[in-house]
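A.B. asks: next one to model:
(chains A and B)
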Amino acid sequence: MSIVNFIISQVMSDPGVLFGLIALFGLLLLRRPIEEIITGTTKTVIGYLILVAGVGLLQEACNPVSEWTKKILGVDGVIPQNFIIMGKVMAQYGTEVGLVVLIGFILNLVLARITPLKYIAITGHIMVIWASWIVGILAGTHITTTGMVITAGILCGLHYWLTPAAHHYFMKRNDRLTAEWSLYVPDVTGVAVASLLGKIVGNPDKRCDDIKVPKKLEWLRDTTVGIAIVATIFWLILGILAGKQSVEAVSNGKNWILFLIFLGAKFAGGLTVVIYGVRMLLAEIVPAFNGIATKLIPGAIAGLDYPTVYQFAPTAVFIGFIFNLLGGIAATLVMVAFKFPVIVLPAVWMNFWSGALIGTFADAYGGMRATVIICLILGFLVPFGWALAYPLSGVLAGSGAINDYTDVSTYSLIFQYIVKAFVH
Amino acid sequence: MNGRQISILTICAVGVGSSLMLKANARELLDRHKISAKITNSDMTTAKANETDIVITTPDIYSSIKGIKAKKIILLDNMVSKKELEEKLVPACKELLEK
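C.D. replies: Next up is the predicted model:
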């Protein structure tokens, strides 16, 4: 018994070790050479440590934002960024998240095997982000750890299975898209609105690709650079509004304007470190998962990542991003003007990923007019759902960050209200 | 196979999703053709810091990482297609191994 106890309390309680073991198991199953098993397992463990270090850096850059918005407007300022959500929950509940992803993955395989819906999610980082989100919400209640892991595992299993099914419904009904694969991205809301409304508001014969986007704007696709620039601008505005004194209180003697500029860069840097950690953490696990899943479920339809569909409407990707971002900026201004209890800052990151995805579907179903109208409307409306979700996000409430998929504003929000009403 | 290992870098925008899928697809393909390779996935912001034999990415990403140090650049029009990957990657590997 004491050995079992030792393993559980000392070995498994370190999330890096749990992920290392999963990688080791996956590499053994794939019969990789011994040197690759050693490097792969080691890198996975170190990936977790890098991720946690990145969260610290992000925290330093984020904390003043909430403080200053509180000082200026008397309300909470929230940054929409799913990797912050993942990092924060992983740093505190890493083992639980690892187990939830594992349970969810196995449940997804079982459901795809025994039902006619042959869908499997294989976008590893989003699977971990969604598991972190659910664990973050449930960890704020009095539910036991075992209960939380099982509940979140079942919810994630259903999510991994049904999300690609929902996307595939809209993908296979349009010749401009494809029936060959599907998506595992929590943007069913955006895709459904784009597909259903696109037909009504748009003209499918006039597509985005009929116009040319200037080559000079392509650098904006490098989201790390985009984030750094926008973050710096916002930190500057907020810091200047909060005043020299408030900034100097935390700047440790550095010139306050320079401090603000570097804080924006620190945010982008922290985000890059977190993502670097995630990459190392998943580099061995995801290919192993993919191998197992495709072997066990012949004819399975894989739920893949955002950019796999961008090829179907390359110009809509850009137009979708720009109008989604404009909608998001308008939402922030409206929240400030009407003194909302929570102010959601423009997302930028997800304005690109979701905006481009919504644009691709809107363009396929309703051409350029649909792309512009729908991306603008969703970019504007969705952040209000995030603002409602923020105080209900369990241990993440008060963290200064919110999960930023379009689905967070719909069924996830309903789930959060249910948790608040029934689980204490 | 002559014992030499080829280094391959798969690149997507953030380096955690599509590049990992490309890595898994390339791994499966090269195992089938018995070509030994070290495959790493990366993002477009930091990719240029690497030196590698082969880069696999899409044309839109490549426009942001031009000048990357690689002997061969493979651009996929459809990043999901295993057939396109096979048609472009296997001849490139064989050519490098013959040198």
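A.B. asks: give me the nearest residue to residue 13, chain neighbours excluded.
C.D. replies: Assuming you mean chain A. A:T95 (6.0 Å; C-beta to C-beta, 6 or more residues apart in numbering or on different chains). (C-beta placed from N, C-alpha, C; glycine too.)
A.B. asks: chain B, not that one
C.D. replies: B:M44 (5.4 Å).
A.B. asks: so what's the residue count around the one you found?
C.D. replies: Using other C-beta atoms under 10 Å in any protein chain shown, B:M44 has 25 neighbouring residues.
A.B. asks: give the contact list for A:L73.
C.D. replies: Applying C-beta atoms under 8 Å, 6 or more residues apart in numbering or on different chains, one finds that A:L73 lies in contact with A:336, A:339, A:343.
A.B. asks: for A:N403, that is, sorry about that
C.D. replies: A:N403 touches A:80, A:82, A:85, A:129, A:133, A:386, A:389, A:393, A:396, A:412, counting by C-beta under 8 Å, 6+ apart.
A.B. asks: please redo it, this time with the cut-off set to 6 Å
C.D. replies: A:82, A:85, A:133 (C-beta atoms under 6 Å, 6 or more residues apart in numbering or on different chains).
A.B. asks: again, but for B:A49
C.D. replies: Taking C-beta under 6 Å, 6+ apart as the test, B:A49 contacts no residue whatsoever.
A.B. asks: from chain A, how far out is it?
C.D. replies: 12 Å (C-beta to the nearest C-beta, to the nearest Å).
A.B. asks: now swap in B:I65 and tell me
C.D. replies: Distance, B:I65 to chain A, by C-beta to the nearest C-beta: 9 Å.
A.B. asks: for the strand or helix carrying A:G94, packing partners?
C.D. replies: Using DSSP states H and E, A:G94 falls within helix A:82-114. The elements that helix A:82-114 packs onto, with contact taken as 3 or more C-beta pairs under 6 Å, 6 or more residues apart in numbering or on different chains; DSSP states H and E, are helix A:15-29, helix A:34-73, strand A:119-121, helix A:124-138, helix A:145-171.
A.B. asks: could you give the number of residues near B:P91?
C.D. replies: Neighbours of B:P91 under the rule other C-beta under 10 Å: 12.
A.B. asks: check the secondary structure at it for me.
C.D. replies: At B:P91 the chain is in helix, as set by DSSP: H, G, I helix; E, B strand; the rest coil.
A.B. asks: could you check the pLDDT of it?
C.D. replies: Predicted confidence (pLDDT) for B:P91: 95.
A.B. asks: got it, and A:H424?
C.D. replies: On the pLDDT scale, A:H424 gets 68.
A.B. asks: please apply the same query to B:G3.
C.D. replies: At B:G3, pLDDT is 61.
A.B. asks: separation between the residue nearest the centre of chain A and chain B?
C.D. replies: Centroid-nearest residue in chain A, with C-alpha atoms, centre = their mean: A:N82, separated by 3.5 Å. Counting by C-beta to the nearest C-beta, the gap from A:N82 to chain B is 11 Å.
A.B. asks: residue contacts, the residue of the stretch 301-424 of chain A found nearest chain B?
C.D. replies: Closest to chain B within the stretch 301-424 of chain A is A:D305: 3.2 Å, counting by C-beta to the nearest C-beta. The neighbours of A:D305, taking C-beta under 6 Å, 6+ apart as the test, are A:123, B:17-18.
A.B. asks: buried among those residues? Make that a ChimeraX selection.
C.D. replies: Listed next is the ChimeraX selection for buried residues among the contacts of A:D305, using 16 or more other C-beta atoms under 10 Å in any protein chain shown:
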select /A:123 /B:17,18
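A.B. asks: okay, now the unreliable bits of the stretch 151-300 of chain A?
C.D. replies: Within the stretch 151-300 of chain A, the ranges that satisfy pLDDT under 70 run A:218, A:220-221.
A.B. asks: up against chain B, what does it have?
C.D. replies: A:181, A:222, A:224, A:278-279, A:286-287, A:290 (C-beta under 6 Å from any C-beta of the partner chain).
A.B. asks: repeat the analysis, applying 10 Å as the threshold.
C.D. replies: Within the stretch 151-300 of chain A, the positions lying close to chain B (C-beta under 10 Å from any C-beta of the partner chain) are A:178, A:180-181, A:184-185, A:215, A:218-219, A:221-225, A:228, A:268, A:272, A:275-276, A:278-291, A:294.
A.B. asks: just the buried residues of the residues you listed.
C.D. replies: Buried, going by 16+ other C-beta under 10 Å: A:178, A:181, A:184-185, A:221-224, A:228, A:268, A:272, A:275-276, A:278-291, A:294, out of these.
A.B. asks: sitting in helices, which of those do you find?
C.D. replies: A:223-224, A:228, A:268, A:272, A:275-276, A:278-282, A:285-291, A:294 (DSSP state H).
A.B. asks: now chain B against chain A: closest residue?
C.D. replies: For chain B, C-beta to the nearest C-beta, closest residue to chain A: B:G17, 3.2 Å.
A.B. asks: phi, psi of the residue nearest to that residue when sequence neighbours are not counted?
C.D. replies: Once flanking residues are discounted, B:G17 sits nearest to A:D305: 3.2 Å by C-beta to C-beta, 6+ apart. Torsion angles at A:D305 (phi, psi; degrees, to the nearest 10) stand at phi -90, psi 160.
A.B. asks: ok, now A:E180?
C.D. replies: Dihedral angles (degrees, to the nearest 10) for A:E180: phi -70, psi -30.
A.B. asks: so the residue nearest the centre of chain B: helix, strand or coil?
C.D. replies: When C-alpha atoms, centre = their mean is applied to chain B, the residue found nearest the centroid is B:I56 (3.1 Å). What three-state DSSP gives for B:I56 is strand.
A.B. asks: from what I see, it and B:T10 are in contact.
C.D. replies: Yes. Using C-beta atoms under 10 Å, B:I56 makes contact with B:T10 at a distance of 4.8 Å.
A.B. asks: between these two, which contacts overlap?
C.D. replies: Here B:I56 and B:T10 have B:19, B:22-23, B:25-26, B:39, B:41, B:74, B:76, B:79, B:85 as joint contacts, going by C-beta atoms under 10 Å, 6 or more residues apart in numbering or on different chains.
A.B. asks: out of these, who's the most crowded?
C.D. replies: The residue in those with the most neighbours, by other C-beta under 10 Å, is B:S19 (30 neighbours).
A.B. asks: my read: the residue of chain B closest to chain A touches A:A283, true?
C.D. replies: No. In this structure B:G17 lies outside contact range of A:A283 using C-beta under 10 Å: 11.9 Å.
A.B. asks: show me whatever sits in contact with both of the two.
C.D. replies: A:124, B:41.
A.B. asks: for A:G104, see how far away A:I154 is.
C.D. replies: 8 Å (C-beta to C-beta, to the nearest Å).
A.B. asks: list the contacts for the closest residue to chain B within the stretch 151-300 of chain A?
C.D. replies: Going by C-beta to the nearest C-beta, chain B is nearest to A:P287 of the stretch 151-300 of chain A, at 3.8 Å. By C-beta under 10 Å, 6+ apart, the residues touching A:P287 are A:26-27, A:30, A:32, A:40, A:122, A:124, B:20-21, B:23-28, B:39, B:41.
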